[in-house]
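>>> After the sequence you'll find the predicted model.
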Amino acid sequence: MTQLAPNCTVQAIERDIAYARKDLPKENIVVSALSLRTNLGKLLDRIDDEGRSVVIQKRGASRAILLSIKDYVKLAAPEPEVLRLIGEEAKRNGKDKLTSRQIDQVIKETRAARKKR
């Protein structure tokens, strides 16, 4: 499990989540640890449906954040800028609809052309 830096704040994490989603920050759901234990299923549904995270408090202090797998993956392994740019170019050129088989064929043809040089 990823360790957070000691100076990492809830606001910094919320900002990173919003950046990963590439949208405006949504208000987080704030719950006590006791409420979390009794309403975990409902909170998981809300996280999934509303795209929000849950700030878990213990004795009034924020202690942890519960977020969707999608948000976690974006934070743990954000999409490199180059992949985003390649994806945008593929859409502009109409190449974003290629099947895996078609992609494999293009790679094979490109490699064969390089060998001939």
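Noted; the coordinates are in hand.
>>> SS state for the residue nearest the centre of the chain?
The centroid of the chain falls nearest to residue 74 when counting by C-alpha atoms, centre = their mean (2.5 Å). Counting by DSSP: H, G, I helix; E, B strand; the rest coil, the backbone at residue 74 sits in helix.
>>> how close does it sit to residue 53?
12 Å (C-beta to C-beta, to the nearest Å). Backbone N, C-alpha and C define where each C-beta goes, glycine included.
>>> Could you chop the chain up by domain?
10-76, 81-116 (automatic domain parsing).
>>> start to end distance for the shortest one?
Here the two ends of domain 81-116 are set 32 Å apart, with distance taken as C-alpha to C-alpha, to the nearest Å.
>>> quick one: that domain to chain centroid distance?
The chain centroid and the centroid of domain 81-116 are separated by 24 Å, computed with C-alpha atoms, centre = their mean, to the nearest Å.
>>> So what's the residue count around residue 34?
Residue 34 has 10 neighbours, counted by other C-beta atoms under 10 Å.
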